[in-house]
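> Provided below for reference: sequence and predicted model.
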Amino acid sequence: MPDSPDSPDSPDSPDSPDSRRTFVVEADGGSRGNPGPAGYGAVVRDAGTGRTLSEAAEYIGTATNNVAEYRGLVAGLRAAHALDPQALVRVRMDSKLVVEQMSGRWKIKHPAMRPLALEAASVFPPESVTYQWIPREENKHADRLANEAMDAGRRGEAWRPADSTADLDAGAHADTLPGLPAASGAPATPESSAEARAAARAAVRQAVRETHRTAAAAERGAGTDDPTALTVADELPVEPAEPADRAAPAGQGEPRAPQVGWGADMGTPTTLVLLRHGETPLTPLKRFSGSGGTDPELSATGLRQAEAAASALAARGTVQHVVSSPLMRCRQTARAVADRLGLGVEVEHDLREADFGAWEGLTFAEVRERYPDDLDAWLASTGAGPTAGESFDCVIRRVGAARDRILARHAGRTVLLVTHVTPVKALACTALGAPPEALFRMELSAASLSAVAYYADGNASLRLLNDTGHLR
């Protein structure tokens with residue numbers, strides 16, 4: 001099990017000449033297919049004792065080896081930052097590509113890799129991190145974590161630290177780390193030189209420039225249906241970056257740390273996966289069921305649909321947060337998924353269904369018989385509401401406000417929204433720039449999946465709509 005970060009035998013105590021602690025981050029990632037089912041692992045160690053302080057691992061769905069390796073690097077750096085944001089960090093990886101690119105000696109050519117490199121570069125100041133390539137046999141701990149994550153994903157489960165044996169299997173808690181000199185205030189490796197750090201800054205600047213030009217277009221599908229589906233040729237370095245002696249001197253013209261999340265430098269979108277709740281007793285009867293009625297629970301069929309959706313999303317392994325409408329049918333569906341993924345559930349009240357007013361619980365035919373004029377007006381304009389109910393225009397506005405809050409709260413992440421027919425259609429319409437009347441021209445089944453990706457420039461891409469493959 002990881003030791004406490006406040007272990008008294010840490011060499012970087014406040015009484016030492018340099019009070020900053022030194023961590024070693026070892027990271028790895030793998031893909032069973034390249035691209036294929038992928039996962040990463042990362043471990044943070046005390047540089048003086050070699051003891052494990054933190055572990056991270058995650059199944060990330062379909063990706064390439066290099067994407068998984070970069071994801072492991074980011075996770076390891078973030079784990080180290082959580083322990084001590086002022087620390088010095090020595091990254092050790094068996095990926096020559098990642099080490100050379102992050103050290104600034106090779107260009108980051110593929111648009112799917114640049115946002116990950118930018119994210120890694122933003123966790124600590126560049127002068128606090130050095131990179132070292134190590135043989136694979138010296139990276140066993142992170143490698144075993146990555147394989148545990150992929151194994152968990154194959155079972156439809158999330159990796160859990162309590163179940164991990166990677167620390168013991170890899171023979172961790174050694175007194176020294178292979179190939180690493182004794183800890184000191186400054187890492188004694190070639191990568192710690194000022195020239196290497198200047199080259200790394202130059203590489204980040206180049207990645208920022210190229211990301212502005214191409215990443216958004218590539219993520220939207222320019223040339224590939226999947227921005228992480230790199231070929232083997234894409235993963236090999238083609239040409240080195242500018243030599244270190246041509247890089248800008250330290251402190252001159254340095255960019256600010258690239259913003260990770262909803263900002264101008266972000267190439268990775270925030271993805272909202274939209275799950276309509278499972279069936280209730282009213283669903284097969286085609287009765288209006290909004291937020292102003294009886295708040296029914298899921299039926300037996302709906303509970304099975306929720307479990308099927310949970311299995312499908314666990315197998316994909318990409319969801320990082322779960323947000324639900326406050327209504328019971330959504331909360332039950334969200335809980336089924338969250339339990340499978342080991343996540344909590346946030347409740348967002350503006351993701352609730354439209355209030356259908358006097359129409360709640362009625363069929364379309366019954367509404368036609370009782371409120372013919374109101375129904376005609378409702379079908380003719382999204383500005384007209386049901387009798388004593390809420391118009392679609394009102395729903396679109398409040399769902400848009402909820403979307404913006406979620407994007408700000410979970411920038412750059414993949415978030416599952418468990419909601420209703422109208423909110424999902426509203427998000428699809430606004431993503432496409434379609435008129436509100438398009439809501440009437442969409443079919444959305446119970447427990448179906450949709451997805452929208454949102455980019456830093458304010459654009460959005462509808463990537464999936466009404467997928468029910470997991471229910472068959």
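Thanks, I have the structure now. What you are looking at is a predicted structure, and each value in this text was computed from that prediction instead of being measured.

> do I have it right that T333 meets S299?
No: taking contacts as C-beta atoms under 8 Å, T333 lies outside contact range of S299: 11.9 Å. Just so you know, the C-beta spots here come from the backbone N, C-alpha and C atoms, and that holds for glycine as well.

> now list whatever residues contact both of these two.
G278 (C-beta atoms under 8 Å, 6 or more residues apart in numbering).

> between those two, tell me which one has more neighbours.
Under the neighbour definition other C-beta atoms under 10 Å, T333 and S299 were set side by side, and T333 has more, 30 against 18.

> if I pick that one, what's in contact with it?
L275, H277, G278, L298, G302, Q305, A306, A309, S324, V418, A447.

> again, only this time at 10 Å
Neighbour list for T333: 275-278, 298, 302-303, 305-307, 309-310, 322, 324-325, 416, 418-419, 446-447 [criterion: C-beta atoms under 10 Å, 6 or more residues apart in numbering].

> and what of A434?
Counting by C-beta under 10 Å, 6+ apart, A434 makes contact with K425, A428, R441, M442, L462.

> quick one: which two of the residues you listed are the most distant?
R441 and L462 (14.1 Å; C-beta to C-beta).

> neighbour count winner among the two?
Taking other C-beta under 10 Å, R441 and L462 do not tie; L462 has more neighbours (17 against 9).

> buried residues, the helix or strand encompassing the more buried one. List them.
Using DSSP states H and E, L462 maps to strand 460-467. Buried residues in strand 460-467, counted by 16 or more other C-beta atoms under 10 Å: A460, S461, L462, R463, L465, N466.

> C-terminal to the lowest-mean-pLDDT helix or strand in the chain, what's the next element?
With mean pLDDT, DSSP states H and E as the measure, the helix or strand of the chain carrying the lowest mean pLDDT is helix 232-235 (a mean of 32). Sequence-wise, the next helix or strand downstream of helix 232-235 (DSSP H and E) is strand 270-276.

> please name every helix or strand in contact with that next one.
helix 300-316, strand 321-324, helix 328-341, helix 392-409, strand 414-419, helix 421-432, strand 449-454, strand 460-467 (3 or more C-beta pairs under 10 Å, 6 or more residues apart in numbering; DSSP states H and E).

> can you lay out those as JSON lines showing mean pLDDT?
Below are these laid out as JSON lines (pLDDT from 0 to 100):
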{"stretch": "helix 300-316", "mean pLDDT": "95"}
{"stretch": "strand 321-324", "mean pLDDT": "96"}
{"stretch": "helix 328-341", "mean pLDDT": "96"}
{"stretch": "helix 392-409", "mean pLDDT": "92"}
{"stretch": "strand 414-419", "mean pLDDT": "97"}
{"stretch": "helix 421-432", "mean pLDDT": "96"}
{"stretch": "strand 449-454", "mean pLDDT": "95"}
{"stretch": "strand 460-467", "mean pLDDT": "94"}
